[in-house]
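Novice: Curious how this folds, go ahead:
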Amino acid sequence: MAENTKFLTPEQAARVDRSRFDAEKIDRPTITYWQGAWRRLKKNPLAVTAMVMMVVILFFILLGPTISGQEYVKINAALKNHAPDGQSWFGTDTMGRDIFCRVWIGARLSLIVALVCSTIQIVVGCAYGGIMAYFGGVVDSVMMRIIEIITSFPSLLITLLIMMVVGQNVGGLLFAMCITSWCGTARQMRGQLMQLRESEYVQAAQMIGASPARIITKHLLPNTISILILNLCSSIPGYIFTEASLSFLGMGLSSDVISLGVLISQGKGKMDFYPWQLFFPAAVLCIAVLAFNLLGDGLRDALDPRTME
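Specialist: Below you'll find the model as predicted:
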């Protein structure tokens with residue numbers, strides 16, 4: 001027995017170098033859903049261009065009137081209809097007011113109107129669609145019929161009628177544009193939440209006695225945040241264009257309020273002799289709408305969970 005016993009040599013008994021095994025190990029860092037979406041968004045050149053455009057627009061909206069050194073309400077009869085130069089970068093209007101300042105002040109108001117309308121659309125649409133999807137049955141049927149009745153009327157006609165009744169002011173414009181816009185969001189959220197309400201975590205929350213409001217706000221809506229972000233970015237350019245169109249037609253804000261639509265409406269009559277009074281507001285409007293549309297397309301691809309790295 002002793003003769004058959006084999007002993008390990010010092011080389012065989014030496015500790016194995018584990019680095020050889022680590023070299024063959026596939027190590028990939030774990031990334032979250034939002035980290036992956038941000039990576040995909042950064043790889044989209046059009047989306048990056050849109051973000052740069054939006055940063056530039058926001059910079060001039062916030063600081064443009066300050067860095068120009070001009071006042072947007074100051075009337076200067078000696079400089080009326082003055083062409084763009086080193087003093088007035090976008091020229092002046094028929095009352096000698098600086099168009100550069102007025103364009104960015106108007107863009108500020110147009111953007112605020114679009115953001116407020118989009119926020120109201122998301123909040124009302126989520127609440128309405130969440131109630132329909134969670135309760136279902138008769139509640140879902142009745143609430144869906146209400147949406148169908150509201151959407152059966154032309155939204156533009158309703159907006160014009162409301163503006164004629166409440167007057168051409170910011171509050172009336174917000175109410176007129178938001179009164180029917182939430183219906184599409186409510187339908188979209190209803191479809192998404194009806195799929196999520198059968199999930200196991202929703203049923204578990206129901207079993208432990210969670211209230212419907214808590215289930216909707218804590219379990220259902222957070223799982224649709226990507227859809228809400230995409231909806232928000234897609235609706236903002238629509239509201240900007242709607243405000244400009246109504247003001248251009250004379251049915252939006254009054255002429256004493258500065259917005260991109262009002263400036264375009266005022267500049268259309270001087271297009272033959274003073275084209276800069278129409279060109280610069282229209283250019284800022286087009287660039288802003290284009291930036292939001294490109295960003296919305298980029299977010300749609302980046303937030304798609306089926307997109308692979």
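
Novice: Residue 166 and residue 69, how far apart?
Specialist: Separation of residue 166 from residue 69 (C-beta to C-beta, to the nearest Å): 38 Å. All C-beta atoms are positioned from the backbone trio N, CA, C, and that covers glycine.

Novice: er, residue 183 I mean
Specialist: The spacing between residue 183 and residue 69, counted by C-beta to C-beta, is 46 Å.

Novice: Which one's more surrounded, the two?
Specialist: residue 183 (21 against 9; other C-beta atoms under 10 Å).

Novice: which residue ranges form the helices in the chain?
Specialist: 10-13, 19-23, 33-42, 45-68, 99-135, 137-151, 155-166, 170-178, 182-196, 200-207, 212-215, 225-248, 260-267, 276-302 (DSSP state H).

Novice: out of the ones you listed, which comes closest to residue 79?
Specialist: With C-beta to C-beta as the criterion, residue 79 lies closest to helix 99-135 of the helices of the chain, at 11.0 Å.

Novice: ok, residue 240 touching residue 115?
Specialist: No - counting by C-beta atoms under 8 Å, residue 240 stays clear of residue 115, with 9.7 Å between them.

Novice: Have a look at those two and say which one is more surrounded.
Specialist: Ranked by neighbour count (other C-beta under 10 Å), residue 240 and residue 115 place residue 240 first, with 25 against 15.

Novice: And the pLDDT at the residue lying closest to the more buried one once chain neighbours are set aside?
Specialist: With C-beta to C-beta, 6 or more residues apart in numbering as the criterion, residue 240 has its nearest non-adjacent residue at 4.7 Å, and that residue is residue 114. With respect to pLDDT, residue 114 has a value of 90.

Novice: The closest residue to residue 133 other than its chain neighbours: neighbouring residues, count only.
Specialist: The shortest distance from residue 133 to any residue other than its chain neighbours is 3.5 Å, reached at residue 193 (C-beta to C-beta, 6+ apart). Using other C-beta under 10 Å, residue 193 has 23 neighbouring residues.

Novice: Next up, the contacts around residue 193.
Specialist: Listed by C-beta atoms under 8 Å, 6 or more residues apart in numbering, the contact set of residue 193 reads 129-130, 133-134, 216, 220-221, 224.

Novice: So which of these wins on neighbours?
Specialist: The contacts of residue 193, ranked by neighbours (other C-beta under 10 Å): first place residue 129, 30 neighbours.

Novice: isn't it right next to residue 190, touching?
Specialist: Yes - counting by C-beta under 8 Å, residue 129 touches residue 190, with 4.2 Å between them.

Novice: which among the contacts of residue 193 gets closest to residue 121?
Specialist: Nearest member of the contacts of residue 193 to residue 121, counting by C-beta to C-beta, is residue 129, at 11.4 Å.

Novice: Tell me the pLDDT of the closest one.
Specialist: 88.

Novice: do residue 265 as well
Specialist: 85.

Novice: So it is in contact with residue 248, correct?
Specialist: Yes - assessed by C-beta under 8 Å, residue 265 is found in contact with residue 248 at 4.8 Å.

Novice: low-confidence ranges in the chain?
Specialist: For the chain, residues meeting the criterion pLDDT under 70 lie at 1-30, 33, 304-309.

Novice: Excluding chain neighbours, what is closest to the residue positioned nearest the centre of it?
Specialist: Among the residues of the chain, residue 233 comes closest to the average C-alpha position under C-alpha atoms, centre = their mean, at 2.2 Å. In this structure, residue 233 finds its nearest non-sequential neighbour in residue 296, 4.2 Å apart by C-beta to C-beta, 6+ apart.

Novice: Isn't the one you found up against residue 231?
Specialist: No - using C-beta under 8 Å, residue 296 is not in contact with residue 231, being 9.0 Å away.

Novice: Could you give the number of residues near the residue lying closest to residue 111 once chain neighbours are set aside?
Specialist: Distances taken as C-beta to C-beta, 6+ apart place residue 61 nearest to residue 111, at 6.6 Å, with adjacent residues excluded. When neighbours are defined as other C-beta under 10 Å, residue 61 has 21 of them.

Novice: Tell me if I'm right that residue 61 and residue 108 touch.
Specialist: Yes - Residue 61 lies in contact with residue 108 (C-beta under 8 Å); the separation is 4.8 Å.
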